[in-house]
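Enquirer: fold the stuff below for me.
(4 chains)
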2 protein chains.
Amino acid sequence: MHSFTEENYLKAIYKLIEQEGDVVTTNALAERMSTKAASVTDMLKKLSDKKLINYQKYQGVTLTTKGEKVALNIIRKHRLWEMFLVEKLDFKWDEVHDVAEQLEHINSDKLIEQIDKFLNFPKVDPHGDPIPTANGKLISSKSQVLSKFKKNDVSIMTGVVDHSAAFLQFLDKSGLVLGNEIKIKDIVEFDRSLQIIVNKKDTLFISNDVAKNILVIKK
Amino acid sequence: MHSFTEENYLKAIYKLIEQEGDVVTTNALAERMSTKAASVTDMLKKLSDKKLINYQKYQGVTLTTKGEKVALNIIRKHRLWEMFLVEKLDFKWDEVHDVAEQLEHINSDKLIEQIDKFLNFPKVDPHGDPIPTANGKLISSKSQVLSKFKKNDVSIMTGVVDHSAAFLQFLDKSGLVLGNEIKIKDIVEFDRSLQIIVNKKDTLFISNDVAKNILVIKK
DNA sequence: AATATATTTTAGACTAGTCTAAAAATATAT
DNA sequence: ATATATTTTTAGACTAGTCTAAAATATATT
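Expert: Prediction:
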């Protein structure tokens, strides 16, 4: 199997490609892993030798099919564990990340299949992120950020971009949870902040920064 | 916190003291950890510096109060996870060990308290071993090995000494599970093997070696 | 009590992963 | 087109944990 550290690098590469596009740079990876560029270079050589990434000096990295499979499997385990913590152990959605970061490295096919079954094969995790299948397929959601919508658009909240505890707690406090209907009542020209109506009842003002971190699907 | 490896050494020391008595030797520990005596010596110095063990060169080791607390906490987590796997995820009692060896190192107080609650605060694990409390108390069971009993004694099976998958599978096949009543119908002088009656129905012959690995409590 | 044997420790080396400082390559600006 | 700045890689060193081989200590035998 792959080491704890190798798995974390592969996951980080996957996520950076997912959000930043085509290739990942050494510096970007160093920042994400809270380490130094020199350490990243060392690890990239190792992952490249194992055929988990495509790497040419100075040219950045992408994942090989094999590397992507490993990354998606870690993400699958992470999201299933998060779901388990929230659904079965009464964790809040802002409390699950650190524990899931540990649990995702537990190595047992039977364990993760049974957890999946125990949860009745969920499609998304508590943050609305899709859970990759056992054979490494990821159904990408058609959700978009709320900030892209126009006045009077009505949508359903399906996820978040920022997963920090601070942001998630703010959403809880504001009554913004997955599944809620959000109608944009007004958009303030000056700062692009939004006035929204949640579930046809509560009127709320949110900044554009907040809106950029809320995922919705058009109704 | 303590490293994965440190935790495993402390657990091994605890178990060796529990079954072999007062002090643990370097060689015994090396064998248990599947490593070399030289490596053990290095680790003993480290654990001693951290005040987790009492160690004098050439004199063997015991756990300090602090070290015992760490060991018991690992054992607590191990046994709760085993219980979870069997009770909630349909694992067999011979399948849980390796996964629990990994899960026992997950570091989250909330997680283990919630697992405990989810299982309704079990007192023993699937092998009949007592689960230490959150504050490090271990209720030692009054069980004894079946081989110590006499002809016509009646007892209830409460646990096992050998936890290997092979032994547990043999017990399953023989219909010997926790809670069963075992009456000793006869003891063969020659090899101390036993003829037993399980649950007042099935007659079975077991070797003395097997009897030494079955824990029972007198009825 | 002296010697032989077994156990334990030390010394020095190895791997995985990390670091700093310096060198090399690439990108940007004039 | 060349100089400057930025990014990336290399070189060498460090820690945790491991190893082998040799030295030190303890135990057993006569």
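
Enquirer: right, is stretch A:30-50 up against DNA strand D?
Expert: Yes. Legend: contact between stretch A:30-50 and DNA strand D by CB under 7 Å from any atom of the strand is shown at A:A37, A:A38, A:V40, A:T41, A:D42, A:L44, A:K45. Backbone N, C-alpha and C define where each C-beta goes, glycine included.

Enquirer: can you confirm the last one is in a helix?
Expert: Right, A:K45. Yes. Secondary structure of A:K45 (DSSP: H, G, I helix; E, B strand; the rest coil): part of a helix.

Enquirer: distance of it relative to A:N152?
Expert: Relative to A:N152, A:K45 is positioned 54 Å away (CB to CB, to the nearest Å).

Enquirer: for the most centrally placed residue in chain A, give me its contacts.
Expert: Central residue of chain A (CA atoms, centre = their mean): A:D129, 5.7 Å from the mean position. A:D129 is in contact with A:R79, A:G159, counting by CB atoms under 8 Å, 6 or more residues apart in numbering or on different chains.

Enquirer: that one and B:T64, how far apart?
Expert: A:D129 sits at a distance of 45 Å from B:T64 (criterion: CB to CB).

Enquirer: quickly find the element holding the residue lying closest to A:L168 once chain neighbours are set aside.
Expert: Nearest-residue entry for A:L168: A:D94, 3.7 Å, with adjacent residues in sequence omitted and distances by CB to CB, 6 or more residues apart in numbering or on different chains. When secondary structure is defined by DSSP states H and E, A:D94 falls outside every helix and strand.

Enquirer: ok so, going back, compare A:K45 and A:N152 (neighbour count), which wins?
Expert: Set side by side, A:K45 and A:N152 show more neighbours around A:K45, with 13 against 10, by other CB atoms under 10 Å in any protein chain shown.

Enquirer: next up, phi/psi of the closest residue in space to A:F167 that isn't next to it in sequence, please.
Expert: Ranked by CB to CB, 6+ apart and with sequence neighbours excluded, the top spatial neighbour of A:F167 is A:N213, at 6.3 Å. Reported as degrees, to the nearest 10, the phi and psi values for A:N213 are phi -110, psi 10.

Enquirer: burial count for A:N213?
Expert: Using other CB under 10 Å, A:N213 has 21 other residues around it.

Enquirer: longest helix in chain A, by residue count?
Expert: The longest helix of chain A (DSSP state H) is helix A:65-89.

Enquirer: and the helix or strand that it is followed by, C-alpha only, in PDB?
Expert: Next in sequence after helix A:65-89, counting helices and strands by DSSP H and E, comes helix A:97-103. Provided in PDB are the C-alpha atoms of helix A:97-103 (Å, rounded to 0.1, in the frame of the first residue of the first chain):
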ATOM      1  CA  HIS A  97     -13.100  17.300   9.000                       C
ATOM      2  CA  ASP A  98     -10.200  16.600  11.300                       C
ATOM      3  CA  VAL A  99     -11.400  13.200  12.300                       C
ATOM      4  CA  ALA A 100     -12.200  12.200   8.700                       C
ATOM      5  CA  GLU A 101      -8.600  13.200   7.800                       C
ATOM      6  CA  GLN A 102      -7.400  10.400  10.000                       C
ATOM      7  CA  LEU A 103     -10.100   7.800   9.200                       C
END
